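K.L.:
return a 3D structure for these sequence lines:
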Amino acid sequence: MLKTAIFGGTFNPPHNGHIAMLSGIADLPEIEKILVMPANIPPHKAGDIAAAHHRVNMCKMAFNGIKKAELCLLELELEGKNYTLNTLKRLKERSVQNPVLVIGADSLINFGKWYEYEQILNMAELYVYPRQGMGKSLVLTAKAFIEGKGGTVTLLNQSPPGISSTLVRDRLLNKKPINDFVPSAVAEYIKENGLYNGTNLFK
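P.N.:
Purely as a prediction, here's the structure:
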């Protein structure tokens, strides 16, 4: 049974860790396609989050060469606060079959706090990436809890590089190079558009 992976995030900015994770998912034979879904962030909560069009442009540059991956702007089209359950319902309306949510182990541990999480488990499987510093016993306990609620959890073996968007932004604020952490096209785009330098990003 072929599945559709949903790979969401702020992608602020997209980095080589995202690319490694997407490439690993694309190699799974049961995955037919991957929907890369940038999150919608209300301006009053944005902080140092770049405007949606910048994040979309950077995602196109970063993920263009990854097989099975395609950009999905569904969450950017939704106004106001959005929940994963609403996203899944919208995807079902668009005939997306057998969805799989790709999350980190930290999200798995806190999954019981997600809005209507049991309904989510009725609609989608969970594929979980390991996180550095996240104990295996804690992850297995969370997996057992979710499966006890009727969910399906697959723990992925790939360990993504220890890169985060926060790391990239911190390096930029401290005038340090980011070429080892993001694709060259993304680094150039950030420079050209003056992103993550402490000024207003909503341009």
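K.L.:
what sits against Thr87?
P.N.:
Applying C-beta atoms under 8 Å, 6 or more residues apart in numbering, we find Thr87 in contact with Ile6, Gly8, Met37, Leu74, Glu75, Leu78. C-beta coordinates here come from the backbone N, C-alpha and C atoms, glycine included.
K.L.:
how close does it sit to Leu73?
P.N.:
To Leu73, Thr87 is 12 Å away according to C-beta to C-beta, to the nearest Å.
K.L.:
Gly194 now?
P.N.:
Taking C-beta to C-beta as the measure, Gly194 falls 24 Å from Leu73.
K.L.:
these two: which has the busier surroundings?
P.N.:
Taking neighbours as other C-beta atoms under 10 Å, Gly194 and Leu73 compare with Leu73 leading, 15 against 12.
K.L.:
overlap in contacts, Thr87 and Leu73.
P.N.:
Residues touching both Thr87 and Leu73 by C-beta under 8 Å, 6+ apart: Met37.
K.L.:
helices along the chain, start to end?
P.N.:
Using DSSP state H, the helices found in the chain span residues 16-26, 52-63, 74-77, 84-93, 105-109, 117-123, 136-148, 165-173, 184-193.
K.L.:
quick one: work out the angle between the first one and helix 165-173.
P.N.:
In other words, helix 16-26. 150 degrees (axes from the mean of the first three to the mean of the last three C-alpha atoms, to 10 degrees).
K.L.:
now do the buried residues in helix 16-26.
P.N.:
Buried residues in helix 16-26, counting neighbours by 16 or more other C-beta atoms under 10 Å, are found at Asn16, Gly17, His18, Ile19, Ala20, Met21, Leu22, Ser23, Gly24, Ile25.
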